[in-house]
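Undergrad: Just the structure for this:
(chains A and B)
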Amino acid sequence: MKKILSLTVNGDTYEVAVSPWKTLLDVLRDNLGLMGTKRGCSIGTCGVCTVIIDGKAILSCLTLALECEGKAITTIEGISSEGSLHPVQKSFIENGAIQCGYCSPGIIMTAKALLDENPHPSDDEIKEALAGTFCRCTGHVKIMEAIKKVSQPAGEGASHAPGK
Amino acid sequence: MPRGSEKYSVIGKRQPKLDAVHKATGRSQFTDDVVLPNMLYGKIVRSTIPRGKILSIDTSRAERVPGVKAVITHKDTGGLMVGPDQQLLCEDMVYYFGDEVAAVAAVDEETAIEAAGLIKVEYEPLQPLFSIEEATAEGAPVLHQYFEDNYADEVTMNFGDAEKAFAESDHIRVDEFIVNAGHNTFAEHHVVIADFTLPNKLSVWTPIQSALLIQKSMAQDFGLPESNVRILSLNTGGAFSGKPSARPHHSIAALLSRKSGRPVKIRITADEEFIVCRSGSRGKFTLKTGVKKDGTLKAVEADILHDCGAYIEIQFIMLRFFGLSLQLLYKLDAERYRGRLVYTNNPPYFFPHGGGLVGLRFAFDSQFDLIARDLGLDPVEMRLKNAVDKGYTTLSKTHYASCGLKECIRKTAKTSGWKKKYGKLPPFRGIGIGCGVINSGGKGLYDHDTSAAFLKIGEDGRVSLFTGLPDMGQGSHTTMAMIAAETLGIVPEDITVISGDTDIAPMDIGAFSQRGTFTTGNAVKVAALDARKQLEKTASKKFGTRPSALVFRDKKVYPKGTPEKAVSFEDVVSDTLHSQEGRYVMGRGFYNPPTERTDPVTYEGNATLAFSFGAQIAEVEVDPETGIVKLLNMTVAHDVGRAINPLAVEGQLDGQVFSGMAQTLFEECIMENGMVLNSSPVEYKLPRPFEIPEIAHIIVETNDPYGPYGAKEVGEGPIMCTAQAIANAVSNAIGYPVKELPITPERVLQALRQKGKNHAPKK
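TA: Residues are numbered from 1 along each chain as shown, chains lettered A, B, ... in the order given. Below you'll find the predicted structure:
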């Protein structure tokens, strides 16, 4: 039996009919057409499908859609608007942190959730936040650099601080 | 600052990837993001035993499931084969756990999974063979009919006079090295959508390293003209040698689509990925090497056995690579080589990241260190003594027009502080060097190694560049745009790269064999020069100068030495169109390296114009209690000819050090009864951000005479150095040689125990 579910994604409210076993990842991609959240391993081991729910980085492949009623869901589509990228996105682009780009939305969301909570994390705190992700292309090296450049601004102060 | 960077306005600049914005915002379309109207989902039924006879297949219950639109078995395939030894769907025998037996297509994935589970296959199990040792033992059952034994392929090579060279050697060492099976673990799994709803047109969306290879093989499978098979590769989410050509799921999706009359998508699950990817296999490298007392290498004799799994696929290429690669790095008088592939009932293997050569380089360069130790020589000095040079011709007649190997060795040694550290580090700290070499494309697969490109220039001065070269993340499309921009004197941002669709893009053999920058880069340069020539006609008339006296730079055109006279690039394009001739500017180009194919008997021949070289020095710390190895830092030098985009070159160096470290210290498919037991990225134990070493980049530029703006590959060259650098550092740290990859904590502890036994005081 499908259930009617009300989901708030990127500030918009959607009503969708979903089977109880459908994951948030399925519903974002298949029902709402939000293809920015990529499908990785689907078993919670690669971090590709990460979204932000109520401020926390969450694996959407391990989250049932039904659990998300009434929660604020943010996907990669929700952190930038045309012409104004989120500072994390900008830093990833400028610092070569994106290669094949399949893991990028998930890692960017992971980094945003970290910086929203802890704007100036230590190296180890960044690594811990990224521990559930995997990027063979970059070996995480330039990803670390990109996150550090946003979180440890050199002399530019507030203009580089991560925003909403 | 790279040499000569002021000479160029685009080449050598740190250029962010042109498509990075799309990737950062999730807008880049990958295959699984494509949803076609009326599309079905397919699921493959796989063998549940490693070897046996198929007694019966009952699909009746699956066919009755509401929503199922097609069920196929061997009888629907028309006897289709995948390679010489594999049926697309098994008829009466299965050869590995996971072999394709049947498939279903249904309105959604759940229904397809349910129906696939209802297909009943009865087997009569037969004795399986899981290792090289079992499969080559006396009296072992022969796995494939038409074969006399389980050797799937054998290659021998002889260069120089090995007898003489060994006789002249002062010291000869024999060692055996082992590499274990591993997986390429890219972020994007294998996935395909096939639309075969019209009888004469097959469209296939899939991530791929070569659209051409899959187009050719699917056209052959279905008796279609090649041009009627359209491959749409959009974006590819990493490949690492793991997505070079068609796999069974491509043709299975096409068959399901033809039967159902609807497009069919098949997504490969995490579990399946470990068998579908067909990645690196277990291999045994027995090396006998002879040297003079002063460390001069004389001869190497290699006997290499590799498990090829259930089917040979295109692993025969790897056997040839092995034999040829042995004599590319150091000067040798002679080489004798025998390589064999052995059939087992493990999943069919293919290429690990580095095309299998990581294992060979690990073995050869690890033994090199053991020899240096035997002779009491410094490993860096002994490498410098034997390193190949510019102008050198190898035993197989490969000629080096550029070579930065010695520069790489010297610079890594200096930057890493080798002299201060080697032999002087505290206990359980170690330092090790590894060297590598790799080709930039070359003939072998076909009698040409052609890439083509064309571009058109709009009246606004903006360029559309068409290429068939995929970008799996390495940044090739940005590199191509930079080459075109430099040649036309514009900026990369004014170029749109159009790729990933065989109906539109010109032919390109693909992104493997490290051929993109060198081969397609040359084709793009030719196409851009063709367009530029057309613009020169307009500009030289305007300025009253010879075309050769014109400068195209920074979106301007002017006679050499008089930049104040400059007109905009856009105006020159516009003037060309609004002329008597009314010319619309389009540039065409192709590049086929003027080389010869390797002789199939002697294996001699200069098949590749350009090789790149590298050296890496690793520093490790070993915990003697747990056996855990920590790679502390890596000094990486790579001779790229010219760094077109240093930002992307660094990305390649970082990624390959990380991936090479993964292969060296972590990655291993734990096999039991032909099954991969650790078939997920967590159980497979990949390194994660905590394992990132400090990496120092040294980009060596040797300006290759044949490369576009002097550039050579950086696609898989760097990973050719990593394993042996780390392994040599571990051996140095524990004072005992490690000869098996990956160097897991268990293997380190085993080595320490072995060392203890060997050094136990005699009673």
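Undergrad: in the lengthiest helix in chain A, what's buried?
TA: The longest helix of chain A (DSSP state H) is helix A:104-117. Buried residues in helix A:104-117, counting neighbours by 16 or more other CB atoms under 10 Å in any protein chain shown, are found at A:104-116. Any C-beta I mention is one placed from the backbone N, CA and C, and that applies to glycine too.
Undergrad: surely residue B:130 meets residue B:343?
TA: No. In this structure, residue B:130 is not within contact of residue B:343 by CB atoms under 8 Å, at 11.3 Å.
Undergrad: near chain B, from the buried residues of helix A:104-117?
TA: A:104-105, A:108 (CB under 8 Å from any CB of the partner chain).
Undergrad: How about the spatially most central residue of chain A, nearest residue that isn't a chain neighbour?
TA: Geometric centre of chain A, nearest residue: residue A:109, 2.1 Å, by CA atoms, centre = their mean. Spatial nearest neighbour of residue A:109, chain neighbours left out: residue A:50 (4.7 Å); criterion: CB to CB, 6 or more residues apart in numbering or on different chains.
Undergrad: That neighbour: what's it in contact with?
TA: A:37, A:57-60, A:105-107, A:109-110, A:132-133 (CB atoms under 8 Å, 6 or more residues apart in numbering or on different chains).
Undergrad: I'd like to know which of the residues you listed is nearest to chain B.
TA: residue A:105 (4.3 Å; CB to the nearest CB).
Undergrad: Correct me if wrong: that closest one contacts residue A:35.
TA: No. Under the criterion of CB under 8 Å, residue A:105 makes no contact with residue A:35, lying 9.7 Å away.
Undergrad: Which neighbours do those two have in common?
TA: Common neighbours of residue A:105 and residue A:35 (CB under 8 Å, 6+ apart) are residue B:26.
Undergrad: now the strands for chain A?
TA: Assignment of strands within chain A using DSSP state E yields the ranges A:3-9, A:12-18, A:50-53, A:56-59, A:72-74.
Undergrad: Can I get these in CSV including mean pLDDT?
TA: CSV is the format used below for the strands of chain A (pLDDT from 0 to 100):
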stretch, mean pLDDT
strand A:3-9, 96
strand A:12-18, 97
strand A:50-53, 98
strand A:56-59, 98
strand A:72-74, 98
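Undergrad: most tightly surrounded among these?
TA: strand A:50-53 (a mean of 24; mean count of other CB atoms under 10 Å in any protein chain shown).
Undergrad: any idea how far that one is from the chain center?
TA: Here the centre of strand A:50-53 is set off from its chain's centre by 5 Å, with CA atoms, centre = their mean, to the nearest Å.
Undergrad: Who is residue B:453 paired with across the strands?
TA: Taking DSSP bridges as the rule, residue B:453 bridges to residue B:467, residue B:589.
Undergrad: Near it, how many other residues are there?
TA: Neighbours of residue B:453 under the rule other CB atoms under 10 Å in any protein chain shown: 31.
Undergrad: Could you report the pLDDT at it?
TA: On pLDDT, residue B:453 comes in at 98.
Undergrad: elements contacting the host helix or strand of residue B:720?
TA: Residue B:720 belongs to helix B:719-734 when assigned by DSSP states H and E. Counting by 3 or more CB pairs under 8 Å, 6 or more residues apart in numbering or on different chains; DSSP states H and E, the packing neighbours recorded for helix B:719-734 are helix B:357-375, strand B:429-439, strand B:611-622, strand B:629-639, helix B:646-661, helix B:745-758.
Undergrad: Show the subsequent helix or strand relative to the lowest-mean-pLDDT helix or strand in chain B.
TA: Scoring the helices and strands of chain B by mean pLDDT, DSSP states H and E places helix B:270-276 at the bottom, with a mean of 87. Counting by DSSP H and E, the next helix or strand C-terminal to helix B:270-276 is strand B:283-291.
Undergrad: Quick one: residues contacting residue 102.
TA: Just going to use chain A. A:38, A:40, A:48, B:30, B:186-188, B:235, B:237-238, B:473.
Undergrad: if you could check chain B rather than the one you did, that'd help
TA: So residue B:102 contacts B:44-45, B:57, B:59, B:71-73, B:89, B:116, B:119, B:121 (CB under 8 Å, 6+ apart).
Undergrad: got the domain boundaries for chain A?
TA: Domain assignment for chain A by automatic domain parsing gives A:3-78, A:87-160.
Undergrad: Among those, show me which one is buried the most.
TA: Ranked by mean neighbours (mean count of other CB under 10 Å), those are led by domain A:87-160, with a mean of 22.
Undergrad: gap between the residue nearest the centre of chain B and chain A?
TA: In chain B, the residue lying closest to the centroid (CA atoms, centre = their mean) is residue B:241, at 3.4 Å. Taking CB to the nearest CB, to the nearest Å as the measure, residue B:241 falls 11 Å from chain A.
Undergrad: distance between the ends of stretch B:498-516?
TA: 15 Å (CA to CA, to the nearest Å).
Undergrad: that older thread, now do the longest helix of chain A: distance to the chain's middle.
TA: Distance, centroid of helix A:104-117 to centroid of chain: 5 Å (CA atoms, centre = their mean).
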